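In: how would this look folded up:
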Amino acid sequence: MVEFTHIEGDRVRMVDVTEKSDVSRKATAEGRIFLRSETLAAIRSGSVVKGNVLATARVAAIQAVKETSRLIPMCHPLPVGGVSVDFREEPGCIVATVSVRTYGRTGVEMEALTGVSVGLLTVWDMVKSAEKDAEGQYPETRIEGIRVTEKRKGPGA
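Out: This next block holds a predicted model:
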């Protein structure tokens, strides 16, 4: 049986981490946005009308990491020590990877996941006009595979 630490009867609560020790922590998450080849070429060449897509998405991802506890109700506010955001192109898609570090009492996987999600949503927002087909639909555009790829704690995390 799974125990849900955020639920007591009909009440939802934030888990108390007061007595936990501060420790170095790191989490990494990734996800993909699938786009038309013409859109990927426009991103690569810097010719997207709205501007530099990946630079904007990088800023959005970092901002999302810092705002995670305001967006996810039971997520603890954490002192974010560092964030790295990387994008790479793979066939038919862009992969976003966000790594977050802190020194605290709870992990930063929610921050990494939020950063990836908002970063990819920002890519979509900046290229959506180029992604529409003749009927105004987005047949190839999709965000997939958002997941935690690494979670560490302790010295050198």
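
In: Could you check which helix or strand contains residue 88?
Out: strand 80-90 (DSSP states H and E).

In: what helices or strands is that strand leaning on?
Out: helix 53-71, strand 93-104, helix 109-131 (3 or more Cβ pairs under 8 Å, 6 or more residues apart in numbering; DSSP states H and E). For glycine as for every other residue, the C-beta is placed from the backbone atoms N, C-alpha and C.

In: Apply 10 Å and report the result again.
Out: On a contact count with 3 or more Cβ pairs under 10 Å, 6 or more residues apart in numbering; DSSP states H and E, strand 80-90 meets strand 23-34, helix 37-45, helix 53-71, strand 93-104, helix 109-131.

In: Please tabulate the ones you listed in a markdown table and include mean pLDDT and mean neighbour count as additional columns.
Out: Shown next, in a markdown table, are the helices and strands packed on strand 80-90 (pLDDT from 0 to 100; neighbours: other Cβ atoms under 10 Å):
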| stretch | mean pLDDT | mean neighbour count |
| --- | --- | --- |
| strand 23-34 | 97 | 21 |
| helix 37-45 | 96 | 15 |
| helix 53-71 | 97 | 19 |
| strand 93-104 | 97 | 22 |
| helix 109-131 | 96 | 22 |
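
In: what are the bridge partners for the closest residue in space to residue 88 that isn't next to it in sequence, then?
Out: Using Cβ to Cβ, 6 or more residues apart in numbering and skipping the chain neighbours, the partner closest in space to residue 88 is residue 95 (5.1 Å). Beta-bridge pairing for residue 95 (DSSP bridges): residue 32, residue 88.

In: Thanks again, I'm all set now.
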